[in-house]
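*Asks:* everything below, folded, please.
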Amino acid sequence: MLAGSANVIMQLARPGVGYGVLESRVESGQLFRHPAKRTRTTLAYLAVATMGTERERELFRQGVNRVHAQVRSTDSSPVTYHAFDPDLQLWVAACLYRGVEDLHRIFFGEPDAETAEAFFRDGAVLGTTLQVPPQAWPVDRAAFEEYWTESLNRIAIDDAVRDYLSAVTMLAWLPRPLPLLFGRFNRFVTTGFLTERFRAEMRLRWTDRDQRRFDALMSVIAAIVRRLPPVLRRFPFNLVLWDLRRRIRTGRPLV
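*Replies:* Residues are numbered from 1 along each chain as shown. Presented below is the predicted three-dimensional model:
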């Protein structure tokens, strides 16, 4: 959850994804208008992709498809995009997979070869739960690194997307006084989770002193996380998955 805003920045750094979110005509998916619903949907996607069954992922995919069909560029859009574009969806999945690896290194140390391979293999599900065909996922970790390096040449955050992401980072979508209380802290940890390339695109300042403070904070949080029982470590995703399964049983919308 702490790294959520950083991963959003990474995803929206691709102009097609950034403007797909910024110009989306899906009213219920607007974070600043429906923060609770948008957050629940995002967490449900992560929960069902990583902990759900294949049937649950298929049902969720169908719900996402109905919404994504409405997300496409117009003649006035600065870039051309469509939410069904598998290339853009692959980038989103790649950012999430990269985020999982980075968090594991921070909280648990460098993964061993078996764990790293499991992360990579399971990372494909983050894409196939959307519209990414299985064969589009890189064949191995070396191929992923090549894809990632090449994709970094395709990111660009302009003023409009940067303003939107800055507001997200400062928690402006939450009710008052939460942005005032926690906005600056969230911006700090968000900047810490980003690499220099993304910080530069967002024009976020980061010093050696900031890095030392961030490392110290993560050390404390990691020590706590490692001692948590699994049920708490998985929160709130286990709760969101329970809600998703309840929605499936009662025939309520999933997205």
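
*Asks:* how about the helices of this protein, start to end?
*Replies:* 4-12, 15-22, 35-51, 54-68, 86-108, 113-128, 141-152, 159-169, 178-193, 196-202, 208-227, 230-233, 237-250 (DSSP state H).

*Asks:* so which of the ones you listed is nearest Ser28?
*Replies:* Closest of these to Ser28 is helix 35-51, at 5.9 Å (criterion: C-beta to C-beta). C-beta here means a position set from N, CA and C on the backbone, and glycine is covered the same way.

*Asks:* what sits up against the closest one?
*Replies:* 28-31, 56-57, 60, 64, 96, 122, 125-126, 129-130, 173-174, 234, 236-238, 240-241, 243-244, 254-255 (C-beta atoms under 8 Å, 6 or more residues apart in numbering).

*Asks:* give me that answer again for 6 Å
*Replies:* 28-29, 31, 56-57, 60, 125-126, 129, 173, 237, 240-241, 244, 255 (C-beta atoms under 6 Å, 6 or more residues apart in numbering).

*Asks:* buried set for it?
*Replies:* 38-41, 43-50 (16 or more other C-beta atoms under 10 Å).

*Asks:* I'd like those as a markdown table, with pLDDT and distance to Gln70 appended.
*Replies:* Formatted as a markdown table, the buried residues of helix 35-51 follow (pLDDT from 0 to 100; distance: C-beta to C-beta, whole Å):
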| residue | pLDDT | distance to Gln70 |
| --- | --- | --- |
| Arg38 | 87 | 15 |
| Thr39 | 90 | 20 |
| Arg40 | 90 | 19 |
| Thr41 | 91 | 14 |
| Leu43 | 92 | 21 |
| Ala44 | 93 | 19 |
| Tyr45 | 92 | 17 |
| Leu46 | 92 | 22 |
| Ala47 | 93 | 24 |
| Val48 | 94 | 21 |
| Ala49 | 92 | 22 |
| Thr50 | 89 | 26 |
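
*Asks:* please list all residues in contact with Cys95.
*Replies:* 7, 10-11.

*Asks:* which residue, other than its chain neighbours, is closest to it?
*Replies:* Spatial nearest neighbour of Cys95, chain neighbours left out: Met10 (4.3 Å); criterion: C-beta to C-beta, 6 or more residues apart in numbering.

*Asks:* same question for Leu174.
*Replies:* Pro35 (6.5 Å).

*Asks:* likewise Trp91?
*Replies:* Arg14 (5.1 Å).

*Asks:* my guess is that neighbour contacts Val92. True?
*Replies:* No - counting by C-beta atoms under 6 Å, Arg14 sits too far from Val92 to count as a contact (8.3 Å).

*Asks:* mutual contacts of the two, please.
*Replies:* Shared contacts of Arg14 and Val92 (C-beta under 6 Å, 6+ apart): none.

*Asks:* buried ones in stretch 18-32, by neighbour count?
*Replies:* So stretch 18-32, judged by 16+ other C-beta under 10 Å, has buried residues 18-24, 26, 29, 31.

*Asks:* that older thread, any chance of TSV for the helices of the chain, columns distance to Pro78?
*Replies:* Below are the helices of the chain laid out as TSV (distance: least, C-beta to C-beta, whole Å):
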stretch	distance to Pro78
helix 4-12	14
helix 15-22	6
helix 35-51	23
helix 54-68	20
helix 86-108	15
helix 113-128	26
helix 141-152	20
helix 159-169	8
helix 178-193	25
helix 196-202	16
helix 208-227	32
helix 230-233	41
helix 237-250	34
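
*Asks:* all good on my end, thank you.
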